[in-house]
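Novice: next come a sequence and a model predicted from it.
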Amino acid sequence: MGATGSVEVSFGAFPGKSEAQADVVTAGVIETSRVEGWVEPKLVSDSSHSLDEHKIESIRVSAHWLSNGNVRITAYAVPFPQLRKINSGIGRDGDTEQKHLLHGLFNIGWAWL
């Protein structure tokens, strides 16, 4: 069996950004290890988001081996479909698009085996 834990990822101060990363040091993880990550609903140290915000925010998480003993966790803000065409950049069909940004800290659980 590998190891499990949690890490905070920071999307920065408001208005934030669309991607956040954190590196985890965990003995024993190697290139062939299976690594995963997920949003872990619990309060973070600076209380930037409530338990409910952790449950409902649209975040995609990936985790992968970085080097022996190191895992990289990446969290991405996933836009809600109704927010894709708003006022911020030009879309393929001439409509405008808005990037979905997050701010503050979110807890990410991770495991490897």
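Specialist: Received it, and whenever you're ready, just let me know what you need.
Novice: got the residue ranges for the helices in the protein?
Specialist: Here the chain has its helices, by DSSP state H, at 51-56.
Novice: residue contacts, residue 39?
Specialist: 54, 57, 59, 61, 75, 106-109 (C-beta atoms under 8 Å, 6 or more residues apart in numbering). C-beta coordinates here come from the backbone N, C-alpha and C atoms, glycine included.
Novice: who does it form a beta bridge with?
Specialist: Residue 39 has these beta-bridge partners by DSSP bridges: residue 108.
Novice: if we can go back for a sec, wait, which of the contacts of residue 39 is closest to residue 48?
Specialist: Taking C-beta to C-beta as the measure, residue 48 lies nearest residue 106 of these, at 8.2 Å.
Novice: and the contacts of residue 39 as TSV, adding neighbour count and pLDDT?
Specialist: Putting the contacts of residue 39 into TSV (neighbours: other C-beta atoms under 10 Å; pLDDT from 0 to 100) gives the following:
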residue	neighbour count	pLDDT
54	18	80
57	16	85
59	19	92
61	19	96
75	27	96
106	25	91
107	20	90
108	24	93
109	18	93
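Novice: list just the nearest of those residues to residue 13.
Specialist: Nearest to residue 13 among the contacts of residue 39, with distances taken as C-beta to C-beta, is residue 106, at 14.2 Å.
Novice: once you drop chain neighbours, what's closest to that closest one?
Specialist: Sequence neighbours aside, residue 9 is the residue nearest to residue 106 in space, at 5.6 Å (criterion: C-beta to C-beta, 6 or more residues apart in numbering).
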